[in-house]
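Asks: Structural data only, the sequence is not supplied:
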């Protein structure tokens, strides 16, 4: 693998500090990276060679990278497989910072990547796309990949559509329905039910029919991630434009209930 070929097929991450545990501190961090990476690989670093690449025009000095070789131990995500040995570029850390283990030792890592231009080459997908292997990270990667590749995988949420609110026949009874916009056009909706003397109940439906028995998604699942990390902090005014004032206020209250139940997305990267 030539240096120029490697440069063309790799967007090297900027790494800092020595880390003995994964920097992917949350479910959302892992999901972001896995969704963006057609290849998720457990591999053992076998060798590295330092190379200098000329900086872009106007740059002060060459940039140092490690042309890294790794032996595949497990392919967790990948449609067409990979070569048993892979090469890729990792950018060196700034001067004065301690190099991570995977730039100094033969250690096992998790790689998040896309195919390179040639067989056996891969391109890391972000600055965090090489992580120290841990059992927890591997299990999380397998779980997210499994959910992501299912035929009924929850779609990416790209916005909020219309909201509707209907008051019940008795005081304190109501139902709010909020339809969501998705990347692939698949229907997703939220329903919030209130009954006198009961704790408000909400759920999410994946399908044309709004399911009154729908429940909230468990935390740290792909559906939870799709909602918690994509829903805006407030119900958009366009979603309630056709509602009377009191119904619009009730819909906003119920939307806030959903957000509070979901909790923070937890994204740190």
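Replies: In hand now; what should we look at? Owing to the predicted nature of the structure, the values given are computational and were not obtained by experimental measurement.
Asks: doesn't residue 225 fall inside a helix?
Replies: Yes: assessed by DSSP: H, G, I helix; E, B strand; the rest coil, residue 225 belongs to a helix.
Asks: Identify the residues contacting it.
Replies: 27, 28, 31, 265 (CB atoms under 8 Å, 6 or more residues apart in numbering). Where you see a C-beta, it was placed from the backbone N, CA and C, and this is true even at glycine.
Asks: now residue 235: how far from residue 95?
Replies: Going from residue 235 to residue 95 by CB to CB, to the nearest Å gives 49 Å.
Asks: Which positions within stretch 196-215 qualify as buried?
Replies: 201, 202, 203, 204, 205, 206, 210, 214 (16 or more other CB atoms under 10 Å).
Asks: And the furthest pair within the residues you listed?
Replies: 201 and 206 (17.6 Å; CB to CB).
Asks: helices and strands around the longest helix seen in the chain, which ones?
Replies: In the chain, with assignment by DSSP state H, the single longest helix is helix 245-262. Here helix 245-262 is seen to pack against strand 157-167, strand 174-182, strand 188-194, strand 201-206, helix 222-228 when contacts are counted using 3 or more CB pairs under 8 Å, 6 or more residues apart in numbering; DSSP states H and E.
Asks: Mind telling me which residue is nearest the centre of this protein?
Replies: Against the mean C-alpha coordinate of the chain, by CA atoms, centre = their mean, the closest residue is residue 32 at 1.8 Å.
Asks: For that one, grab phi and psi.
Replies: Dihedral angles phi and psi of residue 32 (degrees, to the nearest 10) take the values phi -50, psi -50.
Asks: Might one say that it is in contact with residue 268?
Replies: No: the criterion here is CB atoms under 8 Å, and residue 32 misses it with residue 268 at 10.1 Å.
Asks: mind listing the helices for the protein?
Replies: 3-9, 27-35, 135-149, 222-228, 245-262.
Asks: which parts of the last one are buried?
Replies: Neighbour counts using 16+ other CB under 10 Å place 247-248, 250-255, 257-259, 261-262 of helix 245-262 among the buried residues.
Asks: could those residues be laid out in JSON lines, adding distance to residue 53 and pLDDT?
Replies: As requested, the buried residues of helix 245-262 are exported to JSON lines (distance: CB to CB, whole Å; pLDDT from 0 to 100):
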{"residue": "247", "distance to residue 53": "60", "pLDDT": "98"}
{"residue": "248", "distance to residue 53": "56", "pLDDT": "98"}
{"residue": "250", "distance to residue 53": "59", "pLDDT": "98"}
{"residue": "251", "distance to residue 53": "55", "pLDDT": "98"}
{"residue": "252", "distance to residue 53": "53", "pLDDT": "99"}
{"residue": "253", "distance to residue 53": "56", "pLDDT": "98"}
{"residue": "254", "distance to residue 53": "54", "pLDDT": "99"}
{"residue": "255", "distance to residue 53": "49", "pLDDT": "99"}
{"residue": "257", "distance to residue 53": "52", "pLDDT": "99"}
{"residue": "258", "distance to residue 53": "48", "pLDDT": "99"}
{"residue": "259", "distance to residue 53": "45", "pLDDT": "99"}
{"residue": "261", "distance to residue 53": "49", "pLDDT": "98"}
{"residue": "262", "distance to residue 53": "44", "pLDDT": "98"}
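Asks: Enumerate every residue touching the residue nearest to residue 157 when sequence neighbours are not counted.
Replies: With sequence-adjacent residues excluded and distances taken as CB to CB, 6 or more residues apart in numbering, residue 157 is closest to residue 230, at 3.8 Å. Going by CB under 8 Å, 6+ apart, residue 230 touches 156, 157, 158.
Asks: at 10 Å what do you get?
Replies: 156, 157, 158, 159, 160, 180, 181, 182, 183, 265 (CB atoms under 10 Å, 6 or more residues apart in numbering).
Asks: again with residue 206
Replies: Going by CB under 10 Å, 6+ apart, the list of residues near residue 206 reads 152, 153, 154, 155, 182, 186, 187, 188, 189, 214, 217, 223.
Asks: and what of residue 232?
Replies: By CB under 10 Å, 6+ apart, the residues touching residue 232 are 157, 159, 160, 239, 255, 259.
Asks: Whichever of the contacts of residue 230 end up buried, select them in PyMOL.
Replies: Listed next is the PyMOL selection for buried residues among those, using 16+ other CB under 10 Å:
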select buried, resi 156+157+160+180+181+182+265
